[in-house]
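1. build me a model from this:
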Amino acid sequence: MELLDVVDLHLAEAPVNAASASGNRLPAPLWGERSHRTLAVFAGIMLLAAGLRFALADYSLWFDEYASLFFANQPYARLWSGWMVRETNPPLFYSILRGWIELVGPGDRILLRVPTILASMLTIAVAYFGLARLYGARAALLGALLLTVSAQQIAYAHQVRGYSFLILALSISFFSLMRIAAAGERGEREPVLAWLGYVAGALAAIYLHDTAVLWVPVATLALMMVDRRFIPFVGRDWLWLAAADLAIAIGAAWAVYIIYQQTKTANANISWLHYLGILGSAKLYWSSTLLARNPRGLQAICAGAVLAAAIFGIVRTYRRKETQLATLCWVGAAGLFFVVSLKQPVMVERTLVWMGIFPATLAAAGATTLRGSRAFFILTITLMAAGLVNLAAVRESFSAENWDGAIARVLKDPKGVLVVSGEGAAVAADEACKFTDRRDHCRVPIIALSGQANNAWAKGYAQKIPATPDGRLALSSAMNLYTIQRFDEQPIHDLRAAGLRVDVRDSRAFFAGPFGPPLLADLKRIGCARDTMLDLACSAQAGR
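-> Numbers count the residues shown, from 1 in each chain. So this is what the prediction gives:
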């Protein structure tokens, strides 16, 4: 009973019941005579979040993370210029990463992941105090724990990409908007700090990811729907919302300009995205927005439990403006992403992962309606157990591409040569080589085969092909060839299509080799060096 007693003490700070959930009573203020217990519980959650995130973070970086290192190695003046038209992710995260590397050095992969892990932990803090203020201590505890043990949230906390910062920024904007709605329900004036949080969070999000521009219309319409005070020319406070959105528009002008420039030509960086249809989109929402990772089979229990708890929260607290706002934001964001994807597909797990904050909020709201600490304890343990089971089951899948192991193997071979498809893979391999070898240059020759153009951001930045004056490979025929393959970047397939014999059991294995000297000799015979790319069809073209 000791744990239940602790829960009782914590929940006593904000007593709520079914009546309060319907809007007749509101949670007690966050800071009261038992605020030290609130902070103690918060500290415990932070320790658990840090433990899970750091303990599981020691695995290989992958392609996108090495692309982040490429951009972090660019000067700030280049990142914040028209040069960024080549990249669909805005420069804010790359600037943060560059600053971190300047401060502590590249270090190891865990040290490199510290900023994104801290951003994930700050998201939990924002949710905890946001929920405590809106729904009470019970909601704060459950919502923060859901985010803490979420395998999906932990996986993105590890990625040296901007997504955990995106979740943080949109969480700040969302909970600031919730506070504005709550102030209206209490008949109070919205605090200026809440408006600043809404604006600052939205602006930061837009400079972290292009798709964050969709948050502003979703948030604006949702607030107008739950509070008529913000309906233009009808409500008395609509100018506040208009001024906030105008501030976002002005502040985001540069990012929007870059996006506009990207739309003027075919964007090879997102050519791999496709419209998924209604059923495919529904499956993606299921696997991206419910805090679970790969929720298939038994793992679907985690996503199903979060969804059921969120629906329970909607039903039990639907009269609360905060609940209405969270529900509308969830439905509106999902709907707008789908509509936009009819024209330009933008739906993939990483662009939707931030929506997990909505079901976490609604599930937490529902917990406030449970009578007694025992029911709340059972609900919390059930949801945490489902999350931890999901985490244990999918932990191995966090390391999707073992670039570090592959590069380390090639570095051990003094005759090693790495072959990849396209300049993007060549740039990622170069960054992986420098990071693994702790050098400012890669001592392994990297050959990028032509024909793969999905990564336009890397154009012109791959290693130059070692070439003779007549355009042939300037490498010894005694070298050993290794390949890295991913998705549609398949150098083994390209080599076989060019008529070369490549003996390997699994032609789609991520890393393969070594392939002995005859293969490189044949590659020298048929290939022509084109600056940063090797053209396997040049001999055939010359003979026509």
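2. how about G251, phi and psi?
-> In terms of degrees, to the nearest 10, the main-chain angles of G251 are phi -70, psi -30.
3. spatially nearest residue to it (excluding sequence neighbours)?
-> Closest residue in space to G251, ignoring its immediate chain neighbours: L203 at 4.6 Å, by Cβ to Cβ, 6 or more residues apart in numbering. For glycine as for every other residue, the C-beta is placed from the backbone atoms N, C-alpha and C.
4. thought that neighbour was touching W254?
-> No - under the criterion of Cβ atoms under 8 Å, L203 is not in contact with W254, lying 10.8 Å apart.
5. more neighbours: which of those two?
-> The residue with more neighbours, out of L203 and W254, is L203; 22 against 16, by other Cβ atoms under 10 Å.
6. how close does the more buried one get to A252?
-> Remark: distance between L203 and A252 (Cβ to Cβ, to the nearest Å) = 6 Å.
7. got any residues that touch both of those two?
-> Contact with both L203 and A252 is made by no residue, according to Cβ atoms under 8 Å, 6 or more residues apart in numbering.
8. quick one on the thing from earlier: which element is the residue nearest to G251 on?
-> helix 192-206 (DSSP states H and E).
9. can you give the contact residues for that helix?
-> The contact list for helix 192-206 (Cβ under 8 Å, 6+ apart) reads 90, 92, 165-166, 169-177, 179-180, 183, 212-213, 215-216, 219, 240, 244, 247-248, 251-252, 255-256.
10. what mean pLDDT does the helix or strand following it have?
-> Counting by DSSP H and E, the next helix or strand C-terminal to helix 192-206 is helix 215-226. Across helix 215-226, pLDDT averages out at 97.
11. just the buried residues of helix 215-226, please?
-> For helix 215-226, a neighbour-count test (16 or more other Cβ atoms under 10 Å) marks 215-216, 218-220, 222-224, 226 as buried.
12. now these as CSV including distance to F435?
-> Converted to CSV, those look like this (distance: Cβ to Cβ, whole Å):
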residue, distance to F435
W215, 33
V216, 37
V218, 38
A219, 38
T220, 42
A222, 43
L223, 44
M224, 48
V226, 48
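13. which one of these is nearest to L391?
-> Using Cβ to Cβ, W215 is the member of those that sits closest to L391, with 27.7 Å.
14. and the residue nearest the centre of the protein?
-> Nearest to the geometric centre of the chain sits Y163, at 2.8 Å (Cα atoms, centre = their mean).
15. before we move on, back to that, restricted to buried residues, select the contacts of helix 192-206 in PyMOL.
-> Buried residues among those (16+ other Cβ under 10 Å), as a PyMOL selection:
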select buried, resi 90+92+165+166+169+170+171+172+173+174+175+176+177+179+180+183+212+213+215+216+219+240+244+247+248+251+252+255
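16. which residue ranges of this structure form strands?
-> In the chain, the strands defined using DSSP state E lie at 416-421, 446-449, 480-484, 511-515, 528-530, 533-535.
17. so for the residue nearest to G251, what's the pLDDT?
-> pLDDT, L203: 98.
18. do you know how far it is from E190?
-> Separation of L203 from E190 (Cβ to Cβ) stands at 18 Å.
19. got any ranges where the chain has weak pLDDT?
-> Residues of the chain meeting the criterion pLDDT under 70: 1-35, 185-188, 266-272, 451-453, 539-544.
20. ok, the residue nearest to the centre of the chain - contacts?
-> 116, 156, 209, 350, 353-354 are the contacts of Y163 under Cβ under 8 Å, 6+ apart.
21. one more time with 6 Å, if that's ok
-> With contacts defined as Cβ atoms under 6 Å, 6 or more residues apart in numbering, Y163 is in contact with 156, 350.
22. A408 too?
-> Residues near A408 by Cβ under 6 Å, 6+ apart: T436.
23. show me the helices in the stretch 51-200 of the chain, by range?
-> Chain-ordered helices for the stretch 51-200 of the chain, with DSSP state H, counting those that start in this stretch as the definition, fall at 63-72, 76-79, 92-104, 109-112, 114-134, 137-149, 151-158, 163-186, 192-206.
24. in TSV, list those helices along with distance to V394.
-> Compiled in TSV, those are given as follows (distance: least, Cβ to Cβ, whole Å):
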stretch	distance to V394
helix 63-72	18
helix 76-79	33
helix 92-104	24
helix 109-112	19
helix 114-134	17
helix 137-149	12
helix 151-158	5
helix 163-186	17
helix 192-206	26
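25. closest to A406 out of those helices?
-> Nearest of the helices of the stretch 51-200 of the chain to A406, taken as Cβ to Cβ: helix 63-72 at 11.3 Å.
26. what angle separates the closest one from helix 114-134?
-> Angle, helix 63-72 to helix 114-134, by axes from the mean of the first three to the mean of the last three Cα atoms, to 10 degrees: 100 degrees.
27. helix 63-72: how far from the chain's middle?
-> Put simply, helix 63-72 sits 14 Å off its chain's centre (Cα atoms, centre = their mean, to the nearest Å).
28. ok, and what's touching it?
-> Residues from elsewhere that reach helix 63-72 (Cβ under 6 Å, 6+ apart): 94, 97-98, 101, 160-161, 401, 427-428, 431-432.
29. return the member of those residues nearest to L134.
-> Among those, R161 lies closest to L134 (Cβ to Cβ), at 29.8 Å.
30. now do the contacts for the closest one.
-> The contact partners of R161, by Cβ under 6 Å, 6+ apart, come to 64, 68.
31. how about a cut-off of 8 Å?
-> Taking Cβ under 8 Å, 6+ apart as the criterion, R161 is in contact with 64-65, 68, 89, 93, 116, 350.
32. okay if I get the residues you listed as CSV plus neighbour count?
-> Below are the contacts of R161 laid out as CSV (neighbours: other Cβ atoms under 10 Å):
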residue, neighbour count
D64, 16
E65, 24
S68, 24
N89, 22
F93, 26
T116, 28
R350, 16
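33. I'd like the residues you listed as TSV, with distance to G297 appended.
-> Listed next are these as TSV, based on distance: Cβ to Cβ, whole Å:
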residue	distance to G297
D64	27
E65	28
S68	32
N89	33
F93	34
T116	29
R350	23
